[in-house]
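> got a predicted structure here, sequence first:
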Amino acid sequence: MATLTENDPEFVVNENALEESVAKQEENQAGLAVKVLTIFGGFLATNSFIAFCIAAGLYDSAGGLLVFGIVFIVISILLDRFYDRLIIDTFSVTMFASGLALAGWGTGALDSDLNLIPLSYIGVGIIIVFVARSFILTFLSILLINGSIITLMLMNSYYDLVHLYNTICTLLVTYLFLNEAKAISMNNRFTELYGPFRIGLVFSLLFGLIVLGKKGFIPVSENLVWLSSIVMFAAVLYMVTKILNIMSVMAVRMKLLVLIASGLILLSTVFSPAIAGAILILLLSFKVNYRTGMAIGVIALVYFISQYYYDLNFSLLTKSIMLMSSGSLFLLLYFFTSKKIDSNEEL
Amino acid sequence: MTKIDREDIQLISRHSNLSQKGIEKVLKEEIYSDQKNWRQFLKLIMISLGVGFTAFGILFFFAYNWADLHKFVKLGLIELIIVSMTIAILSLKLSKLTKNILLTGTVLIVGVLFAVFGQIYQTGANAYDFFLGWTLFVTLWVLVANFAPLWLVYITLINTTVILYNQQVLHSDVSVFLYTICFLINGVFLISFIAGNKLKSKIQAPGWYTKTLALTTVVFATLGNIVGIMDYNADGWFALLLILSASLYGYGIYYSLKQQSHFYLSIIAFSVIVIFCFVLIRISDGQGMFFLISIYVIASVTLVVRQMLKLQKKWKG
């Protein structure tokens, strides 16, 4: 940690408090494996609980379902609030998911407007984002909010609003990834929830991309698909300028050349914003060295590119020529830039 | 001093007067990718996209129905590509990684060769012998290159061959037998790689690779055991799978404890929990049982998480 102290003589640490926090964190900090296990376990338990409700014929009383659902959700929030411990996460995830399912089921059975279900989910999600303390509940709430927004759009046939959704998600994700220092220095609840916000928003963006990435998945207006691309192109090109800085490319001509080349490559994907979105997730995650994000980015990129070519209404021959020319372009870029990159190394 | 991570920076920030600029600087120096990382990353992305797009371009090219092209010309063209790529790999001065990626591309084109062969002689595009031929003829390259992504392609090919053989020759559905065979194949590869990692530093398989393989193996074991439990006429294969998967899980737990890895522990634990759920369903599928299962899942997952947190504390010292 020498770098922290050496250059700043006024650096002061409250050592006792720090040690205490380290001890608490060691007890409560879990790796990805534990988090995934908790979520999977919670959903498995929820499934069998719902199976129990169906088998026991609980669906007879809409009011009962609704009341139980709300009680379950409140219990999960209270548990999270007052026992900020990883140990109870599986239980609280189960309560939370079962509560949502029961409440949604009850609302549906009440013969009310079905829009009420996603709308109330958004409300629950927002409350939890403001009061929750745990990683998993915050993460699930962000998924809940954004998943419900998409559901609302689909239920009411406002398909083209997905571009607005994608634009907002892209901006949020980019802002969040590039302002980690700011989030940490805020030193409030948000600092601790930065992790679940980041991964939650990456998944939310992914939802929006998947909806667009598979042709015919939803009936969006085909001549408006490029709308989502605008913000993604801008974000990717902004990342390219950041990368040029890191690579210490100073010459203006070189910078312009790289930007134009990247722009042209991106332009070829203008009708498949999902591809540019996956590239953005990959670049952002690599920049901040965030492995989960990188894995998501790579898998998404491979999937969206395959889906794009699969959906393309050209003959196999045309597709083949397109693929081979893009392939040769990348190979040429590789051989050209590896020389350039390696010669830069000596500078 | 060990490398500091994000959480450390967060904690220090909370209990000190570290400024936003300071945090930014530490993040850049200690956590974020530097110029060297970016250089490797960009090279890797470009060569992978280049080889990937080209190989699939070639695949699509030959998938197009070239009615006028004589079969010898078709096959000859593909063989020409394979031979020239192999010569290029052997003779050009490229980095080992580039050569391996090119070889992976060539392996895909061998698949094209078999597919076109199947197209000409009407053996069908998804016949198991197409995948068998493909697998057999690239084995030597896979061994020589010893490149993790290529191994993954290879193991996928073997699994596909086995599953198609089961369907097309044995005319059998999914069964304990099929899952046992798949479990055995993936398990043997997994153990060989783990043993290889120990024996020779040259055979180091990357973590994501052994983890993917382990996940596949555990999925096959879980599915096999579930089918075995729910099948009222379970045969000797189920007994074999039970013994083998129990032994592998035992070894897996031992290995995780030694490697201090949460990953293997969690997938094994989850698999066992799921399998046991089906034991409970087999006993009774009444409404009470589903309630019991949800309690059981919560309790067992909580217990596992608690144990893992304890281990983590111990590992961190």
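Yep, it's here.
> the nearest residue to A:Y334 once chain neighbours are set aside: which element?
Computed as CB to CB, 6 or more residues apart in numbering or on different chains, the closest residue to A:Y334 that is not its neighbour in sequence is B:M46, at 4.0 Å. (Each C-beta comes from the backbone N, C-alpha and C, glycine too.) If you go by DSSP states H and E, B:M46 is part of helix B:35-63.
> check which element follows that helix along the chain.
Next element after helix B:35-63 (DSSP H and E): helix B:71-91.
> give me the angle between that next one and helix B:35-63.
Note on geometry: by axes from the mean of the first three to the mean of the last three CA atoms, to 10 degrees, helix B:71-91 and helix B:35-63 are set 160 degrees apart in direction.
> tell me the mean pLDDT for helix B:71-91?
Mean pLDDT, helix B:71-91: 89.
> one step back: against which helices or strands is the helix holding B:M46 packed?
Judged by 3 or more CB pairs under 8 Å, 6 or more residues apart in numbering or on different chains; DSSP states H and E, helix B:35-63 is in contact with helix A:226-246, helix A:273-287, helix A:316-346, helix B:71-91, helix B:96-120.
> please identify the buried residues of that helix?
For helix B:35-63, a neighbour-count test (16 or more other CB atoms under 10 Å in any protein chain shown) marks B:38-39, B:41-43, B:45-63 as buried.
> and it, how far out from the chain's middle?
Chain-centre distance of helix B:35-63: 20 Å, with CA atoms, centre = their mean, to the nearest Å.
> do stretch A:261-280 as well
19 Å.
> and residue 312, how many neighbours?
No chain specified, so I'll use chain A. 15 (other CB atoms under 10 Å in any protein chain shown).
> wrong one, I was asking about chain B
Applying other CB under 10 Å, I find that B:Q312 has 17 neighbouring residues.
> and the strand or helix carrying it, what does it pack against?
Assigned by DSSP H and E, B:Q312 falls within helix B:287-316. Applying 3+ CB pairs under 8 Å, 6+ apart, we find helix B:287-316 packed against helix A:15-28, helix A:32-55, helix A:89-109, helix B:262-283.
> for the stretch 51-200 of chain B, which spans come out with low pLDDT?
For the stretch 51-200 of chain B, the stretches with pLDDT under 70 are B:123-126, B:200.
> if we can go back for a sec, right, and the residue nearest to A:Y334 touches A:L333 too?
Yes. B:M46 lies in contact with A:L333 (CB atoms under 8 Å); the separation is 5.2 Å.
> for burial, what's the neighbour tally of the nearest residue to B:Q260 once chain neighbours are set aside?
Computed as CB to CB, 6+ apart, the closest residue to B:Q260 that is not its neighbour in sequence is B:W315, at 4.6 Å. Residues within reach of B:W315, counting by other CB under 10 Å, total 11.
> distance of B:W315 from A:L86?
Noted for B:W315: a distance of 16 Å to A:L86, by CB to CB, to the nearest Å.
> run a quick neighbour tally on residue 85.
Looking at chain A here, since you left the chain open. 16.
> try chain B instead
Count around B:M85 with other CB under 10 Å applied: 18.
> ok, it - contacts?
Counting by CB atoms under 8 Å, 6 or more residues apart in numbering or on different chains, B:M85 touches B:102, B:105-106, B:109.
> what about 7 Å?
B:102, B:106 (CB atoms under 7 Å, 6 or more residues apart in numbering or on different chains).
> tell me the most buried of the helices and strands packed on helix B:287-316?
Of all the helices and strands packed on helix B:287-316, helix A:89-109 has the most neighbours on average by mean count of other CB atoms under 10 Å in any protein chain shown, namely a mean of 23.
> nearest residue to A:L171 other than its sequence neighbours?
Nearest one to A:L171, counting by CB to CB, 6+ apart, is A:V231 at 6.5 Å.
> just checking, that neighbour touches A:T170?
Yes. With contact defined as CB atoms under 7 Å, A:V231 counts as touching A:T170 (4.9 Å).
> okay, those two: which has more neighbours?
Legend: neighbour count by other CB under 10 Å for A:V231 and A:T170, higher for A:T170 (26 against 22).
> roughly how far does the more buried one sit from chain B?
Here the criterion is CB to the nearest CB, to the nearest Å. By it, A:T170 lies 20 Å from chain B.
> cool, and A:L44?
On the measure of CB to the nearest CB, A:L44 and chain B end up 5 Å apart.
> mind listing what that residue touches?
Contacts of A:L44 (CB under 7 Å, 6+ apart): B:V297.
> circling back to that earlier point, B:S271: which of the helices and strands packed on helix B:35-63 is closest?
Checking the helices and strands packed on helix B:35-63 against B:S271 by CB to CB gives helix A:273-287 as the closest, at 28.9 Å.
> what is the closest one packed up against?
With contacts defined as 3 or more CB pairs under 7 Å, 6 or more residues apart in numbering or on different chains; DSSP states H and E, the packing partners of helix A:273-287 are helix A:162-178, helix A:189-213, helix A:226-246, helix A:291-311.
> close to chain B, is the very next helix or strand once past the shortest one?
Spelled out, that is helix A:162-178. Later in the chain than helix A:162-178, the nearest helix or strand by DSSP H and E is helix A:180-186. Yes. Residues of helix A:180-186 contacting chain B under CB under 7 Å from any CB of the partner chain: A:180-182, A:184-185.
> of those residues, which is the nearest to A:L284?
Out of the residues of helix A:180-186 next to chain B, the member with the shortest distance to A:L284 (by CB to CB) is A:E180, at 10.7 Å.
> per-residue pLDDT, that closest one?
Per the predicted model, pLDDT is 89 at A:E180.
> same check, this time on the one 3 residues further on
What the model reports for A:A183 is a pLDDT of 86.
> that one: how many residues sit nearby?
A:A183 has 22 nearby residues by other CB under 10 Å.
> so what's it closest to, chain neighbours aside?
A:Y194 (4.5 Å).
> tell me how far that neighbour lies from A:T138.
10 Å.
> who has more neighbours, those two?
Taking neighbours as other CB under 10 Å, A:Y194 and A:T138 compare with A:T138 leading, 25 against 19.
> against which helices or strands is the helix or strand where that one lies packed?
Under the criterion of DSSP H and E, A:T138 resides in helix A:135-155. If you count contacts as 3+ CB pairs under 7 Å, 6+ apart, helix A:135-155 packs onto helix A:32-55, helix A:89-109, helix A:116-131, helix A:162-178, helix A:189-213.
> could you measure from A:M95 over to B:S95?
53 Å.
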